[in-house]
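**Student:** Everything below, folded, please.
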Amino acid sequence: MELVCETCQNQFFVEQMPHRGSICFKCHIKGVRLGFTYGQEDFHGPTIRERQRQTVEQAKINGYNAEPVTNWM
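**Tutor:** Below you'll find the predicted structure:
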């Protein structure tokens with residue numbers, strides 16, 4: 001099947017009508033946004049291990065004997 005893209009007017013060939021309609025893959029992929037699930041600050045922030053150390057240190061300062069779950073076994 002030969003289709004004409006609604007966005008860029010280029011012709012492209014497909015075996016069956018795509019779910020996105022008459023939009024070529026090039027134009028379709030421009031609209032796809034790969035965002036950060038929990039925000040960019042969280043992605044570039046401290047690692048899980050650094051957060052774990054910080055939590056244990058804060059617990060010691062406050063008088064608690066906290067230890068990670070991984071130490072229980």
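**Student:** Report the distance from the longest helix seen in the chain to the chain centre.
**Tutor:** Longest helix of the chain, by residue count under DSSP state H: helix 48-61. Helix 48-61 sits 26 Å away from the centroid of its parent chain (CA atoms, centre = their mean, to the nearest Å).
**Student:** Okay, strands next: where are they in this protein?
**Tutor:** Assignment of strands within the chain using DSSP state E yields the ranges 2-4, 11-13.
**Student:** still on that earlier bit, what comes into contact with the longest helix of the chain?
**Tutor:** Under the criterion CB atoms under 8 Å, 6 or more residues apart in numbering, residues 46, 65, 66, 67, 68 lie in contact with helix 48-61. Every residue, glycine included, has its C-beta placed from N, CA and C.
**Student:** Save these as TSV, and put in pLDDT, neighbour count and distance to residue 28 too.
**Tutor:** Formatted as TSV, the contacts of helix 48-61 follow (pLDDT from 0 to 100; neighbours: other CB atoms under 10 Å; distance: CB to CB, whole Å):
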residue	pLDDT	neighbour count	distance to residue 28
46	80	11	36
65	88	7	55
66	86	12	49
67	82	11	50
68	78	11	44
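**Student:** before we move on, back to that, give the buried residues for the longest helix of the chain.
**Tutor:** Neighbour-count burial for helix 48-61, with 16 or more other CB atoms under 10 Å as criterion, is recorded at residue 52.
**Student:** Kindly indicate which of the contacts of helix 48-61 lies nearest residue 12.
**Tutor:** Set against residue 12, the nearest of the contacts of helix 48-61 by CB to CB is residue 46 (45.6 Å).
**Student:** Not including adjacent chain positions, what is the nearest residue to that closest one?
**Tutor:** Spatial nearest neighbour of residue 46, chain neighbours left out: residue 54 (7.4 Å); criterion: CB to CB, 6 or more residues apart in numbering.
**Student:** So for that neighbour, what's the pLDDT?
**Tutor:** Per-residue confidence (pLDDT) for residue 54: 92.
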